[in-house]
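[1] Take this sequence and fold it.
(chains A and B)
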Amino acid sequence: MKTLNTLLLAAIPALASAAPAPDLFAIKVGKAETVSHGTIEHAVILIEDGKIVTIGQDLPIERGIRVLDLESWTVMPGLVNPYSRLGMDSRGGDEFNPQVSAFDDLYPSSDEYDRVLEAGYTTLGLYPAGRAVPGRACAVRPGPDTAEGMLLTRDAYLKIYFRSDARAKKMLRDAFAKVDDYVEKEKKAREKFDKDNAGKKTEEKKPDEKKPDEKAGTQEGGEKKDEKKDDKSKKVYVPPEPDEKVKPFLDIVNGKLNALVSIGQAADFLHLMDALGERKLSFDLRVPITREIDMYEVKKQIGERKCRILMEPEISMTPGTMRMRNLAQEFSAEGAKIVFLPRGDTIGAHKNALRNVGEIVAQGLSREVALRALTLEGAELMGIGARLGSLEKNKDANLVFLNGDPFEPGTKIMAVMLEGKVVFGEVQQ
Amino acid sequence: MFQTSRMRAAALCALIGLLAPRVSASFQEGGDAPKEAEKAVDEKKKEEKEEWFALTNGDVFTGTGSLLRGMTVLARNGVITKIASEVDIPEGAKLLDAKGMRVYPGLVATSSSGLFGATSAELEDSVDPFSSRMVLGLASGITSSGMGSVAAKLKRGEIKGVVMRDKYLTTLAYSTNNPSSKRNLSEKFAATAKYLREFREYELKKASNKELKEPPKKGVDSALLSVLKGESLARFNADSREDLLGIARLAQQYGFRPVIDGCGEGWTVADELGRAGAFAVLTPRDRDDKSEALVRPGGSSIENAAILHSRGVQVAIIPSTKGVDLGGIAGRDIIHLPIEAGFAVRGGLPEAAAIAAITIVPARILGIDHRVGTIEVGKDCDLLVIDGDLMHYQSFVQYAVVDGKQVYDKEAELWFAHIRPRTTPSMAPETRVDPGEEVDPNAAPKTEEPKDGEKPAEGTPPEDKPADGETPPKEPPSDPPKEGGTPEPVGGGGQRAG
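    Sure, this is the predicted structure:
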């Protein structure tokens, strides 16, 4: 009922004004995979200005609203690949550069961004190339012609490349030690400020009284004004500016920025935990799935930490055997969250992503986890989960239309919508 | 001007001389510091959580010369606290039934490669505790190994506490083929020994005579200094008789115990090596023809180890390939360490010496004999449960225990589970008969023994102390009858001749 009301409310003013009509339309689909609220049969989605206004089952649609009748199709949220270098130069160094942003590398006219839309991917996380700490990833929507137009967020996550060696461990320890130093420094600065202020409170009136006197008496040049400004700014506590190389790690400690740590084997995880020590940080993991990867050895610890794991939809083997392992399912069962990436960073791999994830689902991974792993989980990793990644009210209308179940072999992507606009395929009206 | 600067230089030298030994001394303490840290950690753990482990019904070959039948080995937080036939096992202890099996101390390899994964120079920061090579190492019985400059433990699934000791061995080059380096080494030894003598004299007299100056450190090699002080062992690589003789003489002249890798013609100078207190690290299967051009005995054969041992040389055995070799001819790589020791037995080495050659002797060479190499109270609980004789070709390690944790089970791993599978259901823990039920009413006073006070209660306090491998073999089997009321016929542990 609520949805019905909102639908009407939303519809009426639009009709009443009849002014330059806002882009308002409804879609009727056979099935909607909302990701956040399960599957809705015979779903109706109302979209205004590229945002989902409401979604529900068999909602009545106000007359006059344009309706796209797609009863034979299934719709799901646009796919999210939070870990890509599509359209970017692949060179990278081996340096500690957390201040670098991948956004500065973006080349918006690359045609790969148009082609990836055809594969159903409406959100990409572009990470900076390189080992050690290459910098921060940005989230973009492929399609717009300008870098600014593409940008969703500059600070999707900080990428850290970590392997079991003394250098990598020292790098991490040092980075967080510098955060500690800064926090200490900031604390002292605050204490000093509080002390000074407390001291001033008694004197406060005097300078206040003096000020008008000064103004009235001698109006001197800029120097004095600057001093006054200083006085004013002192009253509001301004924490000292952290070093640009320290800030991203400070943000991680404060939970403002996600850390994505790339590791290659189970031992790396133990060494990573050793390097982090007692710190109760949350971080996510990028684990390239190789044929005989031994990550299952630490699945319990990873599950306990509720890490996201960015992995390819691949079946791996128990080392030395032909025994298959569904790592995604194993991790998921332990409480870790899965983010599926295409098997490669190519357009072809993006096009095969649904089919590949379907294979993992056929091997036992739950459908819900798989759908989430392709959409919302990646969006949440990048801190834009409130904006996109599922079919929910107030979220971007990034939609992928399929002619059947997403994980059935033979299902095709019929159309893709980016923020309410059809960017691939044809939608009959 | 010149004079003053010279004086300054002299003073500087003296200062360095004063500092250097301290540096090396503190370095040595550094080796012990981790132990203390571990103790502190252990105590912390005690407060938080005690982890008990008990191996039951084992025929325990302690490695100190005794065979103790039907024993329980109890460990707390990875350290053996009790070896006896009647033990109150604390609740929650992890149990391992070794009925019908033999229990040996974990094997020690003087050197290896690959057992800790693809490691970099800093083993602690790069060890891969999930490496399949580590599993293979455990499957062959190796629980500790030299690796680069460190001695490390094969702790599966853990990266903490892997390194046991760092830089205990000082590698020195001594070869008759390179006269200048040989002379150089001799000179360095002479200078260092002279310095050490003077320094010790200075230390003695320093208190009474405050004006005494520190002896100059000119020409003193810090590595040799630590060797001469007994803080580290000198390691040589030598096979020829001439080299071995030279090393033996050097060792006797300056009073240190050399570790000699190779030692091919060692049997020809076994007396000299024995007198020099040498360690030989050799591969029994290494054969070498005698050089026809020489009249003197030479070459090497399977008897080498036996002859060296009979002359008092401490023999350690290592296969010819230090890594895990999954190609070529099997049996010559690191995972055939006990098989290699078996060849030494074939060549005449007593069995006990062969076991020592892959346990306590390499532990001494690596400077970790206070923790591993034998099954004794106070030492690390590194045990092997084997379905037969350790060195028999048919035997398999069924279980490996490292630091009181079972880290290998033949049946659970893919490597050897299918070869002669363990058949006896008695191995399954749930079918184990718990003797505690029967014992309790009869031996009521015994159960009142304080858990931590088992040593005085047993009346064997000196034997329960951690030994450095030199303590006489203990005979706990004679103790249990004293405690009375043992329902099981366990006491008959024989003693094996060393």
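[2] Where do the domain boundaries of chain A fall?
    Following automatic domain parsing, chain A resolves into domains at A:1-78+A:389-429, A:170-247.
[3] Can you give the distance of the first one from its chain's centre?
    Taking the mean C-alpha point of domain A:1-78+A:389-429 and that of its whole chain, the gap between them comes to 23 Å (C-alpha atoms, centre = their mean, to the nearest Å).
[4] and the stretch 151-300 of chain B, which residues reach chain A?
    Proximity of the stretch 151-300 of chain B to chain A is confined to B:Gly157, B:Glu158, B:Ile159, B:Lys160 under the rule C-beta under 8 Å from any C-beta of the partner chain. Yep, even glycine has a C-beta here, placed from its N, CA and C like the rest.
[5] Nearest to chain A: which residue in the stretch 351-498 of chain B?
    With C-beta to the nearest C-beta, the shortest gap between the stretch 351-498 of chain B and chain A falls at B:Leu414, namely 5.5 Å.
[6] Spit out the contact partners of that residue.
    By C-beta atoms under 8 Å, 6 or more residues apart in numbering or on different chains, the residues touching B:Leu414 are A:Thr318, A:Gly320, A:Thr321.
[7] Spatially, and excluding backbone neighbours, which residue is closest to the last one.
    Nearest in space to A:Thr321, with sequence neighbours left out and distances taken as C-beta to C-beta, 6 or more residues apart in numbering or on different chains, is B:Leu414 at 5.5 Å.
[8] Tell me the spacing between A:Tyr127 and A:Arg372.
    21 Å (C-beta to C-beta, to the nearest Å).
[9] whoops, B:Val103 was the one
    In terms of C-beta to C-beta, B:Val103 sits 51 Å off from A:Arg372.
[10] Just want the most central residue of chain B.
    Geometric centre of chain B, nearest residue: B:Ala363, 1.5 Å, by C-alpha atoms, centre = their mean.
[11] quick one, phi psi at that residue?
    When read as degrees, to the nearest 10, the backbone of B:Ala363 gives phi -60, psi -40.
[12] Same question for B:Ser300.
    Given degrees, to the nearest 10, the pair of backbone angles that B:Ser300 has is phi -150, psi 150.
[13] and it, how many neighbours?
    Using other C-beta atoms under 10 Å in any protein chain shown, B:Ser300 is surrounded by 23 other residues.
[14] That one and B:Thr268 touch, don't they?
    No - using C-beta atoms under 8 Å, B:Ser300 makes no contact with B:Thr268, being 9.2 Å away.
[15] gap between the helix or strand hosting B:Asp261 and the chain center?
    Element membership for B:Asp261, per DSSP states H and E: strand B:258-262. For strand B:258-262, the distance from its own C-alpha centre to the chain's C-alpha centre is 16 Å (C-alpha atoms, centre = their mean).
[16] Go ahead and name everything in contact with the next helix or strand along the chain from that strand.
    Helices and strands here follow DSSP H and E; after strand B:258-262, the next one along the chain is helix B:270-275. Helix B:270-275 has contacts (C-beta under 8 Å, 6+ apart) with B:244-245, B:248-249, B:252, B:260, B:263, B:266, B:280, B:307-308, B:310-313.
[17] Could you rerun that using 7 Å?
    Outside helix B:270-275, the residues that touch it by C-beta atoms under 7 Å, 6 or more residues apart in numbering or on different chains are B:Leu244, B:Leu245, B:Ala248, B:Gln252, B:Gly266, B:Ala280, B:Ile307, B:Leu308, B:Arg311, B:Gly312, B:Val313.
[18] List the buried residues for stretch A:141-154?
    Using 16 or more other C-beta atoms under 10 Å in any protein chain shown as the test for burial, stretch A:141-154 gives A:Arg141, A:Pro142, A:Gly143, A:Ala147, A:Met150, A:Leu151, A:Leu152, A:Thr153.
[19] of the residues you listed, closest to A:Arg91?
    A:Ala147 (19.2 Å; C-beta to C-beta).
[20] Relative to chain A, how far out is B:Arg69?
    Between B:Arg69 and chain A the computed distance is 37 Å (C-beta to the nearest C-beta, to the nearest Å).
[21] Give the helix, strand or coil label for that residue.
    Following DSSP: H, G, I helix; E, B strand; the rest coil, we place B:Arg69 in the strand state.
[22] Can you tell me the closest non-neighbouring residue to A:Met295?
    Once flanking residues are discounted, A:Met295 sits nearest to A:Ala266: 5.3 Å by C-beta to C-beta, 6+ apart.
[23] Check whether B:Lys99 really touches B:Gly58, as I assumed.
    No - the pair B:Lys99 / B:Gly58 is not scored as a contact, 8.1 Å apart, by C-beta atoms under 7 Å.
[24] ok, those two, which is more surrounded?
    For B:Lys99 and B:Gly58, the more surrounded residue by other C-beta under 10 Å is B:Gly58, and the numbers stand at 25 against 16.
[25] Residues contacting the one helix or strand the more buried one maps to, please?
    Assigned by DSSP H and E, B:Gly58 belongs to strand B:52-61. Strand B:52-61 is contacted from outside by B:67-76, B:83, B:87, B:89-90, B:92-99, B:101-104, B:355, B:375, B:381, B:383, B:385, B:401, B:404-405, using C-beta under 7 Å, 6+ apart.
[26] Starting from it, tell me which strands it pairs with and how they run.
    strand B:67-76 (antiparallel), strand B:94-97 (parallel), strand B:102-105 (parallel) (DSSP bridges).
[27] In TSV: the ones you listed, plus mean pLDDT and mean neighbour count.
    Below are those laid out as TSV (pLDDT from 0 to 100; neighbours: other C-beta atoms under 10 Å in any protein chain shown):
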stretch	mean pLDDT	mean neighbour count
strand B:67-76	94	23
strand B:94-97	95	19
strand B:102-105	96	26
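[28] Tell me the secondary structure at A:Cys271.
    To be clear, residue A:271 is His; Cys isn't right here. What three-state DSSP gives for A:His271 is helix.
[29] so it touches A:Arg163, yeah?
    No - look at A:His271 against A:Arg163 with C-beta under 7 Å: they stay out of range, at 8.2 Å.
[30] In terms of pLDDT, where does the closest residue in space to A:Val44 that isn't next to it in sequence sit?
    Residue nearest to A:Val44 in three dimensions, not counting chain neighbours: A:Leu59, with 4.0 Å by C-beta to C-beta, 6+ apart. A:Leu59 carries a pLDDT value of 92.
[31] where exactly do the helices run in the stretch 51-200 of chain A?
    Along the stretch 51-200 of chain A, counting by DSSP state H, counting those that start in this stretch, helices occupy A:112-118, A:147-150, A:166-203.
[32] With respect to chain B, which of these lies nearest?
    Chain B sits nearest to helix A:166-203 of all the helices of the stretch 51-200 of chain A, at 3.9 Å, using C-beta to the nearest C-beta.
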